[in-house]
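A.B. asks: starting from these lines, generate the structure:
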Amino acid sequence: MNATGRIALEYSENWLDDYTRYLNVYSDLYNLNVTDSQSFIDTLRGNFLNGSSSPIREDIKFDEDFTEIIASRFILQSKNGSSTIDLTDLVVALREVAENQTEFNVTVFNPFFALTDATLITESLTIQLMSTAAGIVMVVAILFIPSLACSFLVFVTMVTTELGVLGFMNLWGANLDMITLIALIMSIGFAVDFTVHVSYAYITAEGSSEDRIRKTMYSLGLPIIQGGLSTIVGVLAVLFLPGYGYKVVAKIVILVMGFAGFHGLLVLPICFLIIKPERFSCNSKSISGKSKGSYEL
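C.D. replies: Prediction:
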């Protein structure tokens with residue numbers, strides 16, 4: 001297991017190595033003759049483990065007849081690792097070594113592995129939750145924004161906002177873990193808030209595409225800036241708190257507000273200017289066939 005480079009053998013506890021050294025030193029002195037499995041166990045119990053105070057007794061479990069060792073424990077001490085990523089890499093490496101031991105049933109355990117297992121599934125869980133949230137946003141946008149193109153742009157901006165936040169998280173020292181995942185899920189509302197308002201204001205405005213963009217920015221530009229800055233200012237104080245979770249949530253909120261404002265004030269208007277989306281409409285004829293009308297949904 002030392003092949004992982006993370007195990008400090010000098011601080012690890014291995015009763016088998018201790019027992020082997022014991023036999024090498026005291027075999028001649030105490031006339032210990034270990035030639036088969038039964039003599040191995042008898043000498044282990046009668047000599048090496050003699051005395052109830054021996055801590056190694058807790059590392060070995062015999063069967064009822066004391067003729068076989070049915071389970072044993074080796075205590076390993078890690079080194080050269082202090083972060084969650086280091087611990088996760090160590091757990092993965094140790095489990096690979098354990099799986100390759102076909103002769104024995106080897107299990108690697110530590111109470112902190114529950115946190116490590118959560119970290120291992122965070123990446124796939126993030127993809128699943130973000131994909132589900134993006135799909136829900138797309139459906140809701142189609143229901144409330146009378147333009148398929150605008151609904152699709154809302155979906156795209158939400159995805160690009162979350163991807164931008166994930167990318168800048170690493171630059172800002174925030175790892176992808178359960179805390180950041182929860183913060184990302186909670187901030188999806190911020191990610192679509194500005195873009196939904198801009199899209200709805202544009203698609204319900206009258207005039208040419210340029211006029212719609214001008215009216216939308218005139219009515220929503222300042223409120224978006226004020227809302228984004230007020231939210232950022234509100235969470236700035238949290239950055240100075242000592243807890244890791246507080247800082248991560250504050251960083252993600254700041255990033256989401258920045259990217260959401262950037263998409264709402266710059267990206268979406270440019271897309272509207274290029275695509276020129278229109279509202280859903282259908283043409284209908286009267287029963288008499290004398291009149292035609294255009295009905296906007």
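A.B. asks: state the mean pLDDT of stretch 229-242.
C.D. replies: Mean pLDDT, taken over the full extent of stretch 229-242, equals 88.
A.B. asks: can you give me the strands for the stretch 151-297 of the chain?
C.D. replies: Per DSSP state E, counting those that start in this stretch, the stretch 151-297 of the chain carries strands over the ranges 281-285, 292-296.
A.B. asks: mean pLDDT lowest where, among these?
C.D. replies: Lowest mean pLDDT within the strands of the stretch 151-297 of the chain: strand 292-296, a mean of 39.
A.B. asks: packing partners of the lengthiest helix in the chain?
C.D. replies: For the chain, the helix with the greatest residue count under DSSP state H is helix 209-236. If contacts are counted by 3 or more CB pairs under 8 Å, 6 or more residues apart in numbering; DSSP states H and E, helix 209-236 sits against helix 188-204, helix 244-262, helix 268-275. Quick note: C-beta positions are derived from backbone N, CA and C, even for glycine.
A.B. asks: rerun at 6 Å
C.D. replies: helix 188-204, helix 244-262 (3 or more CB pairs under 6 Å, 6 or more residues apart in numbering; DSSP states H and E).
A.B. asks: distance-wise, check Val91 relative to Tyr11.
C.D. replies: Taking CB to CB, to the nearest Å as the measure, Val91 falls 18 Å from Tyr11.
A.B. asks: the two: which is more packed in?
C.D. replies: It is Val91, of Val91 and Tyr11, that has more neighbours when counted by other CB atoms under 10 Å, with 21 against 11.
A.B. asks: excluding its backbone neighbours, what's nearest that one?
C.D. replies: Once flanking residues are discounted, Val91 sits nearest to Thr116: 4.7 Å by CB to CB, 6 or more residues apart in numbering.
A.B. asks: in space, what's closest to Lys79 - neighbours in sequence excluded?
C.D. replies: Spatial nearest neighbour of Lys79, excluding adjacent residues (CB to CB, 6+ apart): Ala8 at 4.2 Å.
A.B. asks: the one you found - how many residues pack around it?
C.D. replies: Using other CB under 10 Å, Ala8 is surrounded by 12 other residues.
A.B. asks: pLDDT at it, what is it?
C.D. replies: So Ala8 comes in at 75 (pLDDT).
A.B. asks: and it, backbone torsions?
C.D. replies: Reported as degrees, to the nearest 10, the phi and psi values for Ala8 are phi -90, psi 100.
A.B. asks: then Ile70?
C.D. replies: Torsion angles, degrees, to the nearest 10, at Ile70: phi -100, psi -20.
A.B. asks: what's the separation between it and Asp63?
C.D. replies: Using CB to CB, Ile70 is found at 5 Å from Asp63.
A.B. asks: same question for Leu16.
C.D. replies: Leu16 sits at a distance of 18 Å from Asp63 (criterion: CB to CB).
A.B. asks: for Glu202, what are its contacts?
C.D. replies: Heads up, residue 202 is Tyr, not Glu. 212, 216, 272 (CB atoms under 6 Å, 6 or more residues apart in numbering).
A.B. asks: could I get the residues you listed as CSV with distance to Thr102?
C.D. replies: Formatted as CSV, the contacts of Tyr202 follow (distance: CB to CB, whole Å):
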residue, distance to Thr102
Arg212, 69
Thr216, 66
Phe272, 62
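A.B. asks: any idea which of the residues you listed is the one closest to Tyr22?
C.D. replies: The shortest gap between Tyr22 and any of these belongs to Phe272, at 80.7 Å (CB to CB).
A.B. asks: confidence score at that closest one?
C.D. replies: You'll see Phe272 listed with a pLDDT of 90.
A.B. asks: I'd like to know how many residues surround it.
C.D. replies: Neighbours around Phe272, by other CB under 10 Å: 22.
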